[in-house]
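Asker: quick check, what structure comes out for this input:
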Amino acid sequence: MDYSKDFLTELYKELVELRLFEEKLVEIYALGKVPGHIHSGVGQEATFVGTLATRKQGDYYKISHRPVGTAAIIGVPLNTVFSEIMGKRDGNSGGRGGVNHVALLSKGMLGFSGTLGSDMAVGVGAGLTIRKNKTDNMVYVFFGDGTANRGAVYEAMNLASAWKLPVLFVCENNQFAISTHVSEASPVANPGADRAQAYGIPSKIVDGTDVLDVYEGAKELEEYVRSGKGPAILEAKSYRWRGHFEGDQMKYRDASVTEEWMKKDSVEKMENYLLKNNYITEGEIAKIREEINAELDKAIEFAEASPATPEEEIYEYLYVK
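Answerer: Residues are numbered from 1 along each chain as shown. The predicted model follows:
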């Protein structure tokens, strides 16, 4: 594919934004500013940035618990994202969702269930809405290699295929479901793509550390899905750099394997590509990082100054009135 400088630069900016967002999240969590646990997505940026580069206005997104910074890529304001993460009133859900349940319907970002896989049916439901509205929009449903083994996932994929709904299922294969390696949990090597045949839908496996490879694979499937032919499955192979949660000692992993995967850094890979082909300069790279860091710091300051959600308001939307 031929790419414009603007397109490549935007991809790089989003990679950097997602990486720095996740690093800032780890920092503020370590300072005790984030209630609950966080699940860092450092190392998996290319999967999300490359896939979502095919998005258009009016699409829907089902993001999982990792990485939460994807909300910013979709267009959820940083101020409200960090406020939500910190349990503050100015969060996009008034601080009720917290770090694992960031959602904003006005941006197409659907909520996330604490029971992995169960909410994929919500993504399929959004696909049904699109079909009834007769638009060329689609739904991006992200899930991990561990979630791929849940029964609700099969039901969602089966229905999406039977009704030819515009859904792109994206399997973030980061090799581990908490502490269980994919080889110990799945009878197939590719828990997302290898199962597509059972539903009669196309699939593609891409390098989750190469944003351009992810984009090209996603673009091919996106065109299929938007054409009205039905759903498809994209599987991106990457690696979770950090533990399942912050504080995870990762005794179940070989440190040398982690080190090898970290050498495939998607941000560094894209940076080198842009420099080699004269799309960007070292000075421009420094400026991009400086500007994004400043935006993130400003949003964190806003969230810190935001009032905490009062206890009496926490359960306000729990039941239908």
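
Asker: what is the neighbour count of Glu23?
Answerer: 14 (other C-beta atoms under 10 Å). To be clear about C-beta, it is placed using only N, CA and C from the backbone, and glycine gets the same treatment.

Asker: ok, it - contacts?
Answerer: By C-beta atoms under 8 Å, 6 or more residues apart in numbering, the contact list for Glu23 reads Val42.

Asker: now Val122
Answerer: 62, 110-111, 113.

Asker: are any of those buried, and which?
Answerer: Neighbour counting with 16 or more other C-beta atoms under 10 Å marks 62, 110, 113 as buried within the contacts of Val122.

Asker: among those residues, which ones are in strands?
Answerer: Judged by DSSP state E, the buried ones among the contacts of Val122 include Lys62 as members of strands.

Asker: so which of the buried ones among the contacts of Val122 comes closest to Lys237?
Answerer: Lys62 (20.5 Å; C-beta to C-beta).

Asker: residue contacts, that closest one?
Answerer: Applying C-beta under 8 Å, 6+ apart to Lys62 gives the contacts 110, 112, 119-120, 122-123, 126, 139-142.

Asker: check Tyr252 too.
Answerer: Residues near Tyr252 by C-beta under 8 Å, 6+ apart: 176, 179-181.

Asker: from those residues, which is closest to Phe48?
Answerer: So of the contacts of Tyr252, ranked by how close each gets to Phe48 (C-beta to C-beta), first place is Phe176, at 17.7 Å.

Asker: do you know the pLDDT at the closest residue in space to that closest one that isn't next to it in sequence?
Answerer: Nearest residue to Phe176 in three dimensions, chain neighbours excluded: Arg240, at 5.9 Å (C-beta to C-beta, 6 or more residues apart in numbering). What the model reports as pLDDT for Arg240 is 89.

Asker: how far away is Arg240 from Glu22?
Answerer: 11 Å (C-beta to C-beta, to the nearest Å).

Asker: and if you look at Ala303?
Answerer: On the measure of C-beta to C-beta, Ala303 and Glu22 end up 16 Å apart.
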